[in-house]
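Participant: need coordinates for the below:
(2 chains)
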Number of protein chains: 2
Amino acid sequence: MSGTIAFLGLGLMGAPMARRLAQAGVDLTVWNRSREKAAPFEGKARIAETPADAARGAELVCLCLTDAKAVEAVVFGPGGLVEVEGLARVIDFSSIRPDTTRDIAARLKQATGAGWIDAPVSGGVPGAEQGTLAIMAGGSDEDVAVAAPLVESLCARFTHMGPVGAGQTTKLANQIIAGCTITIVAEAVNFAERAGIDASKLFEALGGGFADSKPFQIFGPRMAARDYEKPLGTARLMLKDLDTVRDTARPFDAMLPMTATAAELLRSTAAKDLLDADISALIEMYAGVQKT
Amino acid sequence: MSGTIAFLGLGLMGAPMARRLAQAGVDLTVWNRSREKAAPFEGKARIAETPADAARGAELVCLCLTDAKAVEAVVFGPGGLVEVEGLARVIDFSSIRPDTTRDIAARLKQATGAGWIDAPVSGGVPGAEQGTLAIMAGGSDEDVAVAAPLVESLCARFTHMGPVGAGQTTKLANQIIAGCTITIVAEAVNFAERAGIDASKLFEALGGGFADSKPFQIFGPRMAARDYEKPLGTARLMLKDLDTVRDTARPFDAMLPMTATAAELLRSTAAKDLLDADISALIEMYAGVQKT
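Facilitator: Below is the predicted model of the structure:
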């Protein structure tokens, strides 16, 4: 591994990712909107004052930001990447809409000639800390060929899915399955309970079979126990993704009967003020509170 | 392990299960409706002429039959278990409806006093051959306490889910999740394809994450390749199970929005004469044939 990397956005995911790059011996410059989060990198990386300062001379600029608004600000706002002459290429680990990604990539290319790789990740904070993320990338063959080896220390798997936007679209395909699976698990838990079964036994009984999955093992027991105090993920965030899926699918007429059903069930949690509880609270829309 | 076991039904699943019991040194008697399938057990087990002959004196009678009609015939038909005085207990590995199971169990108990354990399995023929089935059991504590050690050589896991019928209900909960998951995978594959992604890349890209499952890895690639020649499972069989789920849920008002949607999508394959193709053909209801 060689090359100069700028890493912009040192949040929950970004900080451990940048730390791994520093440990891998990369020539690293970091930037964060609030400077405190950059302080722990003192001595391990240069700390820049603006995104443009960080990006000057970098072979690859990494973004790991909250949402499209933050990406827009870092790219086109004051001190943004657009001000960098000879900007090489950007890899954006943020999860944003495919159409927004393509729009930002096109505007930046027109202004600076820089390449863009959208590269949303899955694996969460543990994956970021251990360098075992799965990265789904969209971009040109050339940009991906340069970027992939530079971020090798971050991921267990880097899959080039297609042109710019293909990474974000793949993440949406992931969210279709994840969001619907959580909903189905709630449906099966409620079915079992009403049929008189102790649903807490389902997860061992059906483990390893066709019903098994991470959502089944993680959210199923929470549903059976009506335990959704410390959110691992909320109905609100999943609903945002499933609504994005539907907006994205409309121009190409992909039918989404399961996704639409799951989305409206997730939306119904608003009626019980459970949009920001753990997504397992979806069980209440099927079953009400536990009868113990 | 000790005890005398009768094994009735030596089909695709039953034959390897009975073989494992014989290898484990069980004192075994077998019976099959067509006698040819019993012939390979010559020298390893006694071969009986009727279910009643097989069951006399057995501590446990195992059934592994095609459907409820076959179970009804073996229990109440000519030469059936109902004719055996002092019949101890039956464990039924067949997958049949919970209400039918409870009805058969109650009638046999009234006639003979015998106990009943419904014990549908998951793991398929490989699991039966390797003794790694997952067994979900319904029955009295006493009957399960006697039966579970006797069938230890058949399974990796034996879970006592509740009273008679609870095993079959658990299998239905499994089918809710399995049937809906296959449908969701089709929905995600179609979404990705219409968005311009090579869907054959999804299974590696999303492997190990929240979207991953056996149906995703087994049926997903078949959907992407439009390959459903050699059925691993058909839409017709899954639809039968999902319709049973809906019949079963109605008396206790469990709502099934995802299951009902998946069932009607599976039913729609009839319009293209794909009910008996591999269930992966469901992709055609979303996407039409591949555009290669």
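
Participant: switch to C-alpha atoms for all contacts and neighbour counts from now on
Facilitator: OK.

Participant: quick one: the strands in the stretch 1-150 of chain A, in order.
Facilitator: When secondary structure is read from DSSP state E, counting those that start in this stretch, the stretch 1-150 of chain A shows strands at A:4-8, A:27-31, A:46-47, A:60-63, A:89-92, A:115-118, A:121-122, A:133-138.

Participant: check the residue nearest to A:Gln130 when sequence neighbours are not counted and give its pLDDT.
Facilitator: Nearest in space to A:Gln130, with sequence neighbours left out and distances taken as CA to CA, 6 or more residues apart in numbering or on different chains, is A:Leu154 at 7.8 Å. At A:Leu154 the predicted local confidence, pLDDT, stands at 97.

Participant: list the contacts for A:Leu154?
Facilitator: A:17, A:20-21, A:128, A:130-133 (CA atoms under 8 Å, 6 or more residues apart in numbering or on different chains).

Participant: who wins on neighbours among those?
Facilitator: The member of these surrounded by the most neighbours (other CA atoms under 10 Å in any protein chain shown) is A:Met17, with 27 neighbours in all.

Participant: name the nearest residue to that residue, ignoring sequence neighbours.
Facilitator: A:Ala128 (5.5 Å).

Participant: how much space between A:Ile117 and A:Ala128?
Facilitator: Shown here: A:Ile117 relative to A:Ala128, a distance of 19 Å by CA to CA, to the nearest Å.

Participant: swap that for A:Ala156, please
Facilitator: From A:Ala156 across to A:Ala128, the span is 10 Å (CA to CA).

Participant: try A:Glu284
Facilitator: Summarising the geometry, the distance separating A:Glu284 from A:Ala128, computed by CA to CA, is 33 Å.

Participant: same question for A:Pro215.
Facilitator: When distances are taken as CA to CA, A:Pro215 and A:Ala128 turn out to be 20 Å apart.

Participant: show me what contacts the residue nearest the centre of chain A?
Facilitator: With the centre of chain A defined as its mean C-alpha position, the nearest residue by CA atoms, centre = their mean is A:Ser95, 4.5 Å away. If you count contacts by CA under 8 Å, 6+ apart, A:Ser95 has them with A:66-67, A:119-121, A:168, A:171.

Participant: repeat that for 7 Å
Facilitator: Residues in contact with A:Ser95, defined by CA atoms under 7 Å, 6 or more residues apart in numbering or on different chains, are A:67, A:120, A:168.

Participant: buried residues, stretch A:144-155. List them.
Facilitator: Neighbour counts using 16 or more other CA atoms under 10 Å in any protein chain shown place A:144, A:147-148, A:150-155 of stretch A:144-155 among the buried residues.

Participant: just name the closest of those to B:Gly3, please.
Facilitator: Within the set of these, A:Cys155 lies nearest B:Gly3; the separation is 54.1 Å, counting by CA to CA.

Participant: which strands and helices sit next to the longest strand along chain A?
Facilitator: In chain A, taking DSSP state E as the definition, the longest strand is strand A:155-162. On a contact count with 3 or more CA pairs under 7 Å, 6 or more residues apart in numbering or on different chains; DSSP states H and E, strand A:155-162 meets strand A:133-138.

Participant: so what secondary structure elements neighbour the strand it packs on?
Facilitator: Contacting strand A:133-138 under the criterion 3+ CA pairs under 7 Å, 6+ apart are the following elements: strand A:115-118, strand A:121-122, strand A:155-162, helix A:166-194.

Participant: right, and A:Arg46 touches A:Val30 too?
Facilitator: Yes - under the contact definition of CA atoms under 7 Å, A:Arg46 touches A:Val30, with a separation of 6.2 Å.

Participant: between these two, which one's more packed in?
Facilitator: Using other CA under 10 Å, the more surrounded residue of A:Arg46 and A:Val30 is A:Val30, with 30 against 16.

Participant: identify the bridge partners of that one.
Facilitator: Taking DSSP bridges, one obtains A:Phe7, A:Ile47 as the residues bridged to A:Val30.

Participant: let me see the contact set for it.
Facilitator: Under the criterion of CA under 7 Å, 6+ apart, the contact list for A:Val30 reads A:6-8, A:38, A:45-48, A:54.

Participant: look up how far B:Leu206 lies from it.
Facilitator: Using CA to CA, one gets 29 Å for the distance from A:Val30 to B:Leu206.

Participant: can you list the buried residues in the longest strand of chain A?
Facilitator: Along strand A:155-162, these residues count as buried under the neighbour rule (16+ other CA under 10 Å): A:155, A:157-162.

Participant: name the nearest of those residues relative to A:Ser34.
Facilitator: The closest of the buried residues of strand A:155-162 to A:Ser34 turns out to be A:Cys155 (CA to CA; 26.4 Å).

Participant: what residues does the stretch 151-292 of chain A put near chain B?
Facilitator: Counting by CA under 7 Å from any CA of the partner chain, the positions of the stretch 151-292 of chain A adjacent to chain B are A:159, A:161-162, A:166, A:169-170, A:173-174, A:176-178, A:181, A:184-185, A:187-188, A:190-192, A:194, A:197, A:201, A:205-206, A:209-215, A:249, A:252, A:254-256, A:258, A:261, A:286.

Participant: what ranges do the helices span in chain A?
Facilitator: Listed in chain order, the helices found in chain A under DSSP state H are A:14-23, A:51-55, A:68-76, A:98-112, A:124-130, A:141-150, A:166-194, A:202-205, A:214-225, A:235-249, A:257-268, A:283-287.

Participant: contacts for the last one next, please.
Facilitator: Residues from elsewhere that reach helix A:283-287, judged by CA under 7 Å, 6+ apart: A:186-187, A:190, A:223, A:269, B:255.

Participant: at 8 Å what do you get?
Facilitator: Counting by CA under 8 Å, 6+ apart, helix A:283-287 makes contact with A:186-187, A:189-190, A:223, A:226, A:265, A:268-269, B:254-255, all of which sit outside it.

Participant: look up how far B:Val71 lies from A:Leu63.
Facilitator: For A:Leu63, the distance to B:Val71 - CA to CA - is 62 Å.

Participant: any idea how far A:Glu72 is from A:Ala105?
Facilitator: 10 Å.

Participant: swap in A:Phe191?
Facilitator: When distances are taken as CA to CA, A:Phe191 and A:Glu72 turn out to be 45 Å apart.

Participant: residues in contact with A:Arg246?
Facilitator: Contacts of A:Arg246 by CA under 8 Å, 6+ apart are A:256, A:260.

Participant: from the contacts of A:Val30, which is closest to chain B?
Facilitator: Chain B has its nearest neighbour among these in A:Phe7, at 23.8 Å by CA to the nearest CA.

Participant: near that closest one, how many other residues are there?
Facilitator: A:Phe7 is surrounded by 29 other residues when neighbours are defined as other CA under 10 Å.

Participant: contacting residues for it?
Facilitator: With contact taken as CA under 8 Å, 6+ apart, A:Phe7 is in contact with A:14, A:18, A:28-31, A:54, A:61-64.

Participant: cutoff 10 Å now
Facilitator: If a contact means CA atoms under 10 Å, 6 or more residues apart in numbering or on different chains, then A:Phe7 has A:14-15, A:17-18, A:21, A:28-32, A:45, A:47-48, A:51, A:54-55, A:58, A:60-64, A:90-91 as its contacts.

Participant: on that earlier part again, which among the helices of chain A is found nearest to B:Thr100?
Facilitator: Smallest distance to B:Thr100 across the helices of chain A (CA to CA): 17.3 Å, for helix A:166-194.

Participant: can you pull the residues of the stretch 1-150 of chain A lying near chain B?
Facilitator: For the stretch 1-150 of chain A, the residues in contact with chain B under the definition CA under 10 Å from any CA of the partner chain are A:98, A:121-124, A:133-138.

Participant: was I right to think A:Asp278 contacts A:Gly220?
Facilitator: No - A:Asp278 sits out of contact with A:Gly220 when judged by CA atoms under 10 Å, with a separation of 11.8 Å.

Participant: so what sits against both of these two?
Facilitator: Applying CA under 10 Å, 6+ apart, one finds that no residue jointly contacts A:Asp278 and A:Gly220.
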